[in-house]
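> model the structure of this input:
(chains A and B)
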Amino acid sequence: MRTRLIGVAVIALALVVAGCGSSSNKTGGTSTGSVSVTKGKKGGTLTVLSASDVDSLDPGYWYYQFDQQALAEPTQRALMGWEAAKKSPTPDLAKAQPKITDGGKTFTFQLKPGIKYSPGPVKHTVRAADIKYAMERCFLPQVGNGYVNSYFQYIQGVDAFKSGKAKEISGIQAPNETTLVIKQTKPYGALTQALALPCTTPVPKEYAAKYDSGKQSTYGQHQVFTGPYMIKGAESGSTSAGYTPGKKIDLVRNPNWVAKTDFKPAYFDNIVFLGGNDLSVASRKILTGSSMMSGDFAAPPVDVLKQALQTRKDQLKILEAGSNRFIGLNTAIPPFNNENIRKAVLAGTNRNALRLTRGGPTLGTVATNFIPPDIPGGKQAQASASALDYMKNPNGDMAVAAKYFKAAGFKDGKYHGPRVLMVGDDQPPASKTGEAFQQMLKDMGFNVNYRQVPHDVMYSKFCQVPKAKVQICPNVGWGKDFFEALSIIDPVFNGKNIVPSGNVNYSQQNDPKINKMMDDAAFVVDPAKRAQAWANVDDELMKHAYSLPWLWDNDINFASKNVNLVQNLFNSSGDVTYSSLK
Amino acid sequence: MTGIVDFERSGEETLPTLAEGGAGVQEIEARSPLELFWRRLRQDKVAMTALVFVVLLIFVAVLAPLIVKIFGQRGPNVQGTKYLDSFGTPSGPSSANFFGVDPLGRSVFSRVLYGARVSLQVALFATAISVTIGVTVGMVAAFYRGWVDTVLSRLIDVLLAFPILLLAIGLASACSLGNGCLGGLIQPGKWLVMLVIAFVNWTYIARIIRGQVLSLREKEFVDASRSLGASNRRIIFRELLPNLVAPIIVYSTLIIPQNVLFEAALSFLGVGVQPPDASWGQMIADATEIFDTAWWYMLAPGAALLLTVLAFNLLGDGLQDALNPRSGRNK
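Below is the predicted model:
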């Protein structure tokens, strides 16, 4: 189960951590996501095998990796989209990049004229007002969107709309059919990329309003499509013919899609997503079969992976996932309220050994800091963090650990004190990581009460509940929402995000100085300077050793021999609109 | 009047049968019951093999640290990434690690030996506790009859009606959370497993003992000592208990392997012995994931578990035959 994690949605985080397998690049160097897009052959049917289903059919809900792969990429077009090999959004329904004025606060888009919806209930073309309504409905509780409350929070009039005082969001304006103006109260830089999330998929209000009126929106089941594909039978106004929950999504070509208006090549004629597959069985099936691709698996099981790398290397594609794994140290209570003890633990931890518990270098790069190197700001942060003496040696350095334990007042260079509570996941590979770390702590002198509990219990009762006073959470992490360091740092380390339950600020970092650095970084207009500002935040977190980052994951996607698999950098998964049959 | 004498008397009817066992009749009459028992047991080759294995196992468990050292193996919790390949796949049996290593690079040999410690500790303690409770409750219920018997017997019925494994999982997982249950008094781990096992297992012993005592209490020697003015306590502990030695020994021996399996099952399910302590059940659970690539990880603890349970069972059967030849299982 892999997903992009997000700031607000608690569920999201669960995913990262749960993570299945992942691999890493060669030591040190990163196979930094290079995606090559080659021209493919038109036609054929692709079958994508996955463990579970999409989270929702509703474009306003789509957030996680598999939603993006199975629905957002093939069936819909948003204001901005993600070309397979690019790290920044490409205009999709928009004609060009937005005109940004008013010191970074106002975004003006011109839309491509004449884009049609899939055949059926909606006859008119895509209008600016449809995107305005789409963004408004994302705030409705019945849609259940997980990210707009963070990323669209600075759009003018959002608060009035949410509280019901206004019927529309005043900061989103559609003066004519092809012009969309978005006004913010502050120059929030992450908005550029956030507008390429599926929430800006057009939703015609006069058609969708009746489906959005209930307790739970049913627009997803009746949606109209703009992408190269649509769910089979969509022209009847219902997706029930092509979608069986948990089992099957059947995609066919959208006859109203015009290739020259879109950047997606869309080679296949049909794409079928099959859910409910066992990872091990499905991996073997995909690798030895034909016309198949991996869905929501982060990587094949290690034994399959190992064999495949020897015999069918070109069927596997490895990409940095843009997520980190770290060991959360609770800095609010002893002993980890002592910076020197934290530094000692960072120094004494063998991050290479931790990575081996997940499958070794193929599954990820040993981390030195929180922002992964494929995200702007990550490289700078990595350079300064790897110079810290307690992060220098990925195999751990007991001499440095001893130095910091001594600085903390332990004369023999080992920790002495009451038992510490560590709560981790009870399923491998996460449980193995916890056990490996438990032994490292023991070697440093700690007495550990180590509890292994089910994944959801770990979050809901322990790691995300400050009152539970868990000192160490070995199985936490976070993933990017897009290529902005904000999406990986702010939710997890900003002190204002500490809440009594569902708290993802595991370290409980609440230093006013660092909080302010984050609040300021969000409003730096220039992207390069913004990346540097976030890198500085990361530096500061590492200088005070707020937690112990140890892995930047890779995603390993794979396909059958006759499939030319192309990954999508943004989603770090196979992109069905770029892949083709050989 | 000593316990041994009572024992002999209660077994007097069995003497003729013994004669068929092969030894001369006159000689037998000269032997004490203990000698008789030992002589019969010694002739049972299967039981003797099992006994030797059990003794060896206890020896190995007690001396695990020494044995690990003598053979130059690493301790049970020492991790070694150099025994893993670049995918974290463990390496197989070698002179450095007799039974290969597990996914954290720990020696499976050492962990199997230390697992024997945990297994035996849990099984023996849990058996001791449940036998103590079971014998006491069984004797009290049968001896006093009346409402005491009714209450205790119904309690046993109720406990027997519990789905034991589910109850154990429930208790163990409830206490596995956070800082344990009952305000931190009960911590997850092997002691909790012992308590859980003892709690659910004493009922069997209690039933058996109750049945035995119900018939014993009507025997003449009980009437005799009562008419001599013996107190209830004296009758229970000096007259009845010695006569129960045989069933207690037999059923204890048969409960031990059950408890070994029970501990393994709980640990397999993740609610038993906690990491990093080694437990056979936990090792087998771990090993299922990587059986294709690391068969040794399942084979070693699996074989240890199989042999241990088998040995205790065979020994239990042998003891039963030797202590109670009339049951005629073998003859």
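> any idea which helix is longest in the chain?
Since you didn't name a chain, this refers to chain A. For chain A, the longest helix by residue count, based on DSSP state H, is helix A:527-543.
> try again with chain B
The single longest helix within chain B, with elements called by DSSP H, is helix B:108-144.
> whatever helix or strand comes next after it - what's its average pLDDT?
Heading C-terminal from helix B:108-144, the first helix or strand you meet, by DSSP states H and E, is helix B:146-161. Averaging the model's pLDDT scores along helix B:146-161 yields 92.
> tell me the contacts of residue 77?
I went with chain A, as the question did not name one. A:92-93, A:115, A:201-202, A:226-227, A:262 (Cβ atoms under 8 Å, 6 or more residues apart in numbering or on different chains). (C-beta placed from N, C-alpha, C; glycine too.)
> oops, chain B please
With contact taken as Cβ under 8 Å, 6+ apart, B:Asn77 is in contact with A:439, A:442, B:106, B:276.
> 10 Å - rerun?
A:435, A:438-439, A:442-443, B:104, B:106-107, B:110-111, B:114, B:275-278 (Cβ atoms under 10 Å, 6 or more residues apart in numbering or on different chains).
> make sure it is indeed in a strand.
No. Under DSSP: H, G, I helix; E, B strand; the rest coil, B:Asn77 falls outside any strand and is assigned coil.
> give me the distance between it and A:Gln427.
Distance of B:Asn77 to A:Gln427, given as Cβ to Cβ, to the nearest Å: 21 Å.
> show me how the record splits chain A into domains.
Chain A breaks down by automatic domain parsing into domains covering A:31-268+A:561-581, A:320-555.
> check the contacts of B:Asn77 for the minimum pLDDT and say which it is.
Scoring the contacts of B:Asn77 by pLDDT puts B:Pro275 last, at 82.
> which residue does the stretch 51-200 of chain B bring closest to chain A?
Taking Cβ to the nearest Cβ, chain A has its nearest neighbour within the stretch 51-200 of chain B at B:Gly88, 4.0 Å off.
> quick check: closest non-adjacent residue to the residue sitting furthest away from the middle of chain B.
No residue in chain B sits farther from the centre than B:Ser86, which is 42.2 Å out by Cα atoms, centre = their mean. With Cβ to Cβ, 6 or more residues apart in numbering or on different chains as the measure, A:Gly360 is the residue that lies nearest to B:Ser86, at 4.7 Å, once sequence neighbours are left out.
> and A:His71, what is it in contact with?
Quick fix: residue A:71 reads Leu, not His. A:54-59, A:62, A:198, A:201, A:220, A:223, A:225, A:227, A:229, A:231, A:243, A:249, A:251, A:273 are the contacts of A:Leu71 under Cβ under 10 Å, 6+ apart.
> how about a cut-off of 7 Å?
Residues counted as contacts of A:Leu71 (Cβ atoms under 7 Å, 6 or more residues apart in numbering or on different chains) are A:54, A:62.
> against A:Asp553, how distant is it?
A:Leu71 sits at a distance of 23 Å from A:Asp553 (criterion: Cβ to Cβ).
> give me the neighbour count for the nearest residue to A:Pro187 once chain neighbours are set aside.
Beyond its immediate neighbours in the sequence, the residue positioned closest to A:Pro187 (Cβ to Cβ, 6+ apart) is A:Gly104, lying 3.1 Å away. Burial of A:Gly104, expressed as a neighbour count using other Cβ atoms under 10 Å in any protein chain shown, amounts to 18.
> for A:Gly104, give me its contacts.
The contact partners of A:Gly104, by Cβ under 7 Å, 6+ apart, come to A:187, A:189, A:525.
> buried subset of the residues you listed?
Neighbour counting over the contacts of A:Gly104 (16 or more other Cβ atoms under 10 Å in any protein chain shown) leaves A:187, A:189 as the buried ones.
> quick one, strands of the stretch 401-550 of chain A?
Defined through DSSP state E, counting those that start in this stretch, the strands belonging to the stretch 401-550 of chain A, from first to last, are A:420-425, A:448-453, A:472-479, A:547-558.
> now tabulate those in a markdown table and tack on mean neighbour count.
Converted to a markdown table, the strands of the stretch 401-550 of chain A look like this (neighbours: other Cβ atoms under 10 Å in any protein chain shown):
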| stretch | mean neighbour count |
| --- | --- |
| strand A:420-425 | 25 |
| strand A:448-453 | 22 |
| strand A:472-479 | 28 |
| strand A:547-558 | 28 |
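> so A:Ile182 sits against A:Phe107, correct?
Yes. Contact between A:Ile182 and A:Phe107 holds when scored by Cβ atoms under 7 Å: they sit 4.4 Å apart.
> please report the distance of the residue positioned nearest the centre of chain B from A:Tyr546.
In chain B, the C-alpha nearest the mean C-alpha coordinate belongs to B:Ile256, at 1.4 Å (Cα atoms, centre = their mean). B:Ile256 sits 51 Å away from A:Tyr546 when distances are taken as Cβ to Cβ.
> so where's the stretch 1-150 of chain B shaky on pLDDT?
Within the stretch 1-150 of chain B, the set of residues satisfying pLDDT under 70 comprises B:1-30.
> kindly recompute the last result at 90.
Within the stretch 1-150 of chain B, the stretches falling below the threshold (pLDDT under 90) are B:1-44, B:72, B:75, B:80-81, B:88, B:95-96.
> which bits of it sit near chain A?
If contact is defined as Cβ under 7 Å from any Cβ of the partner chain, the residues of the stretch 1-150 of chain B in contact with chain A are B:77, B:79, B:81, B:84, B:86-89, B:103-104.
> among the residues you listed, which ones are buried?
For the residues of the stretch 1-150 of chain B next to chain A, burial is judged from neighbour counts taken by 16+ other Cβ under 10 Å, and it is met by B:77, B:79, B:81, B:84, B:87-89, B:103-104.
> what about the strands in the stretch 101-250 of chain A?
In the stretch 101-250 of chain A, strands defined by DSSP E, counting those that start in this stretch lie at A:106-110, A:172-176, A:179-183, A:229-231, A:243-244, A:248-253, listed in chain order.
> any idea how far A:Ile327 is from the closest residue in space to A:Val453 that isn't next to it in sequence?
Excluding the flanking residues, the one nearest A:Val453 by Cβ to Cβ, 6+ apart is A:Asp426, at 5.8 Å. A:Asp426 sits 17 Å away from A:Ile327 when distances are taken as Cβ to Cβ.
> so those two - more neighbours on which side?
When neighbours are counted by other Cβ under 10 Å, A:Asp426 and A:Ile327 differ, and A:Ile327 comes out ahead with 28 against 20.
> can you read off the pLDDT for residue 229?
Chain wasn't specified; assuming chain A. Residue-level confidence at A:Tyr229 comes out at 97, pLDDT.
> I was after chain B.
For B:Gly229, the model assigns a pLDDT of 89.
> what's the answer for B:Gly281, then?
B:Gly281 is given a pLDDT of 93.
> which SS state does it fall under?
Going by three-state DSSP, the secondary structure assigned to B:Gly281 is helix.
> what's the local residue count around it?
B:Gly281 - counted by other Cβ under 10 Å - has 26 other residues nearby.
> try A:Phe446
Applying other Cβ under 10 Å, we find 23 residues neighbouring A:Phe446.
> so it sits right up against A:Lys414, yeah?
No. Applying Cβ under 7 Å as the test, A:Phe446 and A:Lys414 come out as separate, 8.9 Å apart.
> since that was my last question, I'll sign off now.
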